[in-house]
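Chemist: coordinates only, no sequence provided:
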């Protein structure tokens, strides 16, 4: 009789133990599900905010492209230039740009720049664009050719030096224009000169470098969409709970 009572007591204690463990596991599962739901909601909101930011800047880019095209559509052919949908104005008539092997601007290119840049600055500094433009890059590009270069690397370095000198001389010419003086502070903050040597050649339909078109000067607008999205990601990351997998690891 005594032995039977002890067995019943032990069985009751084991049952109580298993009930408490199952309750604990159920509670942990509920916590896990709650964390998963919260995480999914935050990720969805984050994705929606990034989508909204992207849409705003896609609309801005399209509007700026339309305004630039309206301003310069009649001039681009006679300048040997083109406007691309990613907001690049490309001057690619190398015979108009610089003295051969030199950073000196040809008089024809100086005349083009004196006409082009004040109008360009007026378009991109309109109130609806001005605060969203992060940088205007003046980019100098060359072909991969260099007379008497012993190796491709030597040609690249020589062309790098030349492209940097050319963008710097272009920048200096633009800063000296009287029509730019009223935007001098904005110009210094946002306009940069970048020599890129032959790192971005123009490739023709046969897959070969087009040396003439590769020798060019580009004005490239960069908006702050990328930095806005990065800031948004950092902001949401700092307030985001641990992913469900990390929460389950912590619980175990």
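Modeler: Okay, I see it. Just so it is clear, the structure is predicted and the values come from calculations on it, not from any experiment.

Chemist: so residue 116 sits against residue 76, correct?
Modeler: No: counting by C-beta atoms under 8 Å, residue 116 does not reach residue 76; the two are 9.6 Å apart. To be clear about C-beta, it is placed using only N, CA and C from the backbone, and glycine gets the same treatment.

Chemist: at which residues are the helices of the stretch 151-252 of the chain located?
Modeler: With DSSP state H, counting those that start in this stretch as the criterion, the stretch 151-252 of the chain has helices at 152-175, 184-190, 211-214, 225-239, 244-251.

Chemist: which of the ones you listed has the lowest mean pLDDT?
Modeler: Lowest mean pLDDT within the helices of the stretch 151-252 of the chain: helix 244-251, at a mean of 50.

Chemist: buried residues in stretch 116-131?
Modeler: Buried residues in stretch 116-131, defined by neighbour count with 16 or more other C-beta atoms under 10 Å: 116-118, 120-121, 124-125, 129.

Chemist: format these as TSV; extra columns: pLDDT and distance to residue 72.
Modeler: TSV is the format used below for the buried residues of stretch 116-131 (pLDDT from 0 to 100; distance: C-beta to C-beta, whole Å):
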residue	pLDDT	distance to residue 72
116	97	7
117	97	11
118	96	12
120	97	8
121	95	13
124	95	12
125	93	16
129	90	15
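
Chemist: of these, which belong to helices?
Modeler: 116-118, 120-121, 124, 129 (DSSP state H).

Chemist: ok, of those, which one's closest to residue 32?
Modeler: Distance to residue 32 across those (C-beta to C-beta) is lowest for residue 129, with 47.8 Å.

Chemist: hmm, that closest one is touching residue 65, no?
Modeler: No: counting by C-beta under 8 Å, residue 129 does not reach residue 65; the two are 11.1 Å apart.

Chemist: let me know the closest of the buried residues of stretch 116-131 to residue 170.
Modeler: residue 117 (9.4 Å).

Chemist: leaving out chain neighbours, which residue sits closest to that closest one?
Modeler: In space, and not counting its chain neighbours, residue 117 is closest to residue 174: 5.2 Å by C-beta to C-beta, 6 or more residues apart in numbering.
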